[in-house]
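J.: Starting from these lines, generate the structure:
(chains A and B)
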Amino acid sequence: MADTFAFAEFRAGAFRKVAFETVSAARRAADATGGGTVTALAMGAPGLSAKAAELGRYGADRVIVVEHAELARYSPEVFAGTAAAQLKAGSYRAGFFSASAEGRDLAPRVAAALGQSLASDITSFEITADALTARHPVYVGKAIATLRLTGTPALVSLRPGAMVAVEQSRTAQVETAAPALDPASARVVVTELAQRPAARMDLGEAPVVISGGRGLKSAENFKLVEDLASAFGNAAVGATRAVTDDGWRPSSDQIGQTGRLVSPALYVAVGISGAIQHLAGMRTARVIVAINRDKDAPIFKVADYGIVGDLFEVVPPLIEAVKRARAEHQ
Amino acid sequence: MKIAVCLKRVPDTEMRFAIAADGTSLDSAGLKYDISDFDGYAVEIALRLNEQQGPGEVVVVALGPDALQETLRKALSMGVDRGIHLQADPVPYDGFSIAQALASELAGQGFDLILFGRVATDTGNGMVGPMTAHLMDLPCVTAISRLEIAAGKGTAHRELEGATETVTFPLPAILTIDEGIARPRLPSLKGIMAAKKKPIESRPAALGPVRLTVDRLELPPERAGGRIVGEGPDAVPELVRLLHEEAKVL
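T.: Below you'll find the model as predicted:
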């Protein structure tokens, strides 16, 4: 019987989807090793404890809540120090973090504080009493490594969206704890968190990603991509490096080797030729659709469904057809 | 400022990859190696900071086999002052083992800043920077897309999902560099000539124990792909039908 630990990200008054993914993975790991207790740690501003029980729905038995007025924003040293202290206080077989922007900063700090290694950005795992094995895309997705991690607790970070959060009916017991160090003593301080306009879902979380490339010809024409995303309703908008380099879209929208790596259920590439640098960021999508006028474009080699044609002629009727289909099948 | 840049020699990912006979590594035949993408940005930032803020020193540090010296020499030809080669062949997969080697090398040398790329393009882990920071007890900010340094303090921006963080920190510090700050310069002919005379020290890497290893390396399954639904707007109804009935994503 082995207990496991999950870090549950909380931002702007709500748990992030990745919080449910880490808790759910911790549940599966506990069950796979004989059914121990799952402890989740959540940190944030006062008000968090009222939401903490939500984590029970994804398999947490116990939620440790660390509330502090100065923890409304991420504080790397306080979060890492507190997570490390909580992990040391229990006898956990494994600890689960997300490989989100916050988790990628947090998990290595916690691992180093515990003198452990970290299997980072994993897409699946198996755990026994002796070892944890995990799969992780390497060489920008051109190869898949199966990793073996020894040491206890085995610490991992999960690629967002790669492991589905599974609902359970459990009641989590909520406890409170103090931060392991005084937030006022932190050397690294997040002084501002500026939310970008929330009209769109985040690229890492959206089940559908619509991306545009140079084929759109101008920044203004990205409206077609935006409109197609709106037609789907649950879509985020991405772009190629050529487009972000030209300033048509912010660099945070870039999908590819040097940008975001996404694995949505549906990826629609509009006017994208399919350079290796771009494919590296989206080839793990479940279904890929490509619209491009060049029938020899490499994007068609990875696309499940392709339309050869002028995007300015194809996308407007596609927007209407998607709207109709959603209205019909809702 | 005295700035160290920790970089990694990685295979060029535009190449066609094959798995070696051991089943756990790449077949090195025909691979070309270079400075990992984000590490190149880190080198550029270090050079610019000293160009803007008066004289200093930029040192590149890396782990690897003897062939690494060629990669370090490239950074020297961009304008870096000297290189440190920590011998390790192969470089372990375990980032914590690497962080221990770097922390023991960099400690006590009086660096104002130690820079890393946000993530290496081979392992894609991004853990060595923050782990090294913990071991050296230095403040650390990861994945920064903007940086200002003044009077012993720094301000950086980090891109999160749907938000931007502004972060302040005191020097000395460890930073990991995201894209968007500065395109790395190309070495000039003069730089290439000058680099030949710049020093590279070489000594064994003081690696920590290895607890994370690669059991198996595989190429991803080829996507079936290649199915053209049709040409032009006439293909739209069939595409939407397939997305609904076959792919079940609509």
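
J.: Just give me the longest helix of chain A.
T.: helix A:311-329 (DSSP state H).

J.: ugh, wrong one, chain B
T.: Taking DSSP H as the criterion, chain B has its longest helix at helix B:37-52.

J.: and residue 196, how many neighbours?
T.: Since no chain was named, I'll use chain A. When counting by other C-beta atoms under 10 Å in any protein chain shown, one arrives at 16 neighbours for A:Arg196. No exception for glycine: its C-beta is placed from N, CA and C like everyone else's.

J.: please go with chain B instead
T.: Neighbours of B:Lys196 (other C-beta under 10 Å): 9.

J.: what's in contact with the longest helix of chain B?
T.: A:257-258, B:1, B:3, B:5-8, B:35, B:56-58, B:60, B:75, B:78-80, B:113, B:115-121, B:147, B:149, B:176-179, B:181-185 (C-beta atoms under 8 Å, 6 or more residues apart in numbering or on different chains).

J.: Skipping its backbone neighbours, what lies nearest the most centrally placed residue in chain A in space?
T.: In chain A, the centroid-proximal residue (C-alpha atoms, centre = their mean) is A:Pro160; its distance is 2.5 Å. Distances taken as C-beta to C-beta, 6 or more residues apart in numbering or on different chains place A:Gly204 nearest to A:Pro160, at 4.6 Å, with adjacent residues excluded.

J.: What does the pLDDT read for that neighbour?
T.: We have a pLDDT of 79 for A:Gly204.

J.: Likewise for A:Arg241?
T.: Note on A:Arg241: pLDDT of 94.

J.: Next: A:Pro197.
T.: A:Pro197 is given a pLDDT of 66.

J.: re earlier: show me which parts of the longest helix of chain A are buried, residue by residue.
T.: A:Leu311, A:Glu313, A:Val314, A:Val315, A:Pro317, A:Leu318, A:Ile319, A:Ala321, A:Val322, A:Lys323, A:Ala325, A:Arg326 (16 or more other C-beta atoms under 10 Å in any protein chain shown).

J.: Same list (those) but as TSV, adding pLDDT.
T.: Output for the buried residues of helix A:311-329, formatted as TSV (pLDDT from 0 to 100):
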residue	pLDDT
A:Leu311	96
A:Glu313	97
A:Val314	97
A:Val315	97
A:Pro317	97
A:Leu318	97
A:Ile319	97
A:Ala321	96
A:Val322	95
A:Lys323	94
A:Ala325	92
A:Arg326	90
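
J.: Out of these, give me the two with the largest separation.
T.: Spatial extent of these (C-beta to C-beta) is set by the pair A:Glu313 and A:Arg326 at 21.9 Å.

J.: what is the rounded mean pLDDT of the longest helix of chain B?
T.: Here the average pLDDT along helix B:37-52 is 96.

J.: Check the offset of it from the chain's centre.
T.: 12 Å (C-alpha atoms, centre = their mean, to the nearest Å).

J.: Going by residue numbers, what spans are strands in chain B?
T.: Assignment of strands within chain B using DSSP state E yields the ranges B:2-6, B:9-11, B:33-35, B:57-64, B:82-87, B:113-117, B:140-150, B:153-160, B:163-170, B:173-177, B:200-204, B:212-218, B:228-231.

J.: Stretch A:41-48 vs chain B: in contact?
T.: No - shown here: stretch A:41-48 not in contact with chain B (C-beta under 8 Å from any C-beta of the partner chain), separated by at least 14.7 Å.

J.: Can you name the residues in contact with that stretch?
T.: A:5-8, A:10-11, A:13, A:15, A:19, A:52, A:55, A:63-69, A:71-72, A:78-79, A:82-83, A:86, A:179.

J.: Keep those, but drop any that are not near chain B.
T.: Applying C-beta under 8 Å from any C-beta to the contacts of stretch A:41-48, those adjacent to chain B are A:Arg11.

J.: Out of the contacts of stretch A:41-48, name the ones that lie in helices.
T.: Short answer: the contacts of stretch A:41-48 in helices (DSSP H) are A:Ala19, A:Val78, A:Phe79, A:Thr82, A:Ala83, A:Gln86.

J.: List of residues touching the longest helix of chain A?
T.: A:215-216, A:221, A:224-225, A:227-228, A:231-233, A:270-271, A:291-293, A:307, B:232-233, B:235-237, B:239-240, B:243-244, B:250.

J.: returning to that earlier point: derive a PyMOL selection command for the buried subset of the contacts of stretch A:41-48.
T.: The PyMOL command for the buried members of those (criterion: 16+ other C-beta under 10 Å) is given here:
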select buried, chain A and resi 5+6+7+8+10+11+15+19+52+55+63+64+65+66+67+68+71+72+78+79+82+83+86+179
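
J.: Out of the contacts of stretch A:41-48, list just those in strands.
T.: A:Phe5, A:Ala6, A:Phe7, A:Ala8, A:Phe10, A:Arg11, A:Phe15, A:Val63, A:Ile64, A:Val65, A:Val66, A:Glu67.

J.: The second one contacts A:Phe96, doesn't it?
T.: Yes - with the criterion set as C-beta atoms under 8 Å, A:Ala6 and A:Phe96 qualify as a contacting pair; they are 4.5 Å apart.

J.: By pLDDT, give me the weakest of the ones in strands among the contacts of stretch A:41-48.
T.: Scoring these by pLDDT puts A:Arg11 last, at 88.

J.: B:Ile177 versus that residue, what's the distance?
T.: The gap separating A:Arg11 from B:Ile177 is 24 Å, by C-beta to C-beta, to the nearest Å.

J.: where does chain B dip in pLDDT?
T.: Along chain B, segments meeting pLDDT under 70 span B:180.

J.: how does it look with 90?
T.: Within chain B, the stretches with pLDDT under 90 are B:13-17, B:28-30, B:54-55, B:159-164, B:179-183, B:220-227, B:248, B:250.

J.: quick one, what contacts the nearest residue to A:Gly35 once chain neighbours are set aside?
T.: Leaving out its chain neighbours, the residue that sits closest to A:Gly35 by C-beta to C-beta, 6+ apart is A:Met1, at 6.0 Å. Contacts of A:Met1 were listed using C-beta under 8 Å, 6+ apart, and they are A:Thr33, A:Gly34, A:Gly35, A:Gly36.

J.: Next: B:Asp215.
T.: Contacts of B:Asp215 (C-beta under 8 Å, 6+ apart): A:Thr133, A:Thr146, A:Leu147, A:Arg148, B:Thr24.
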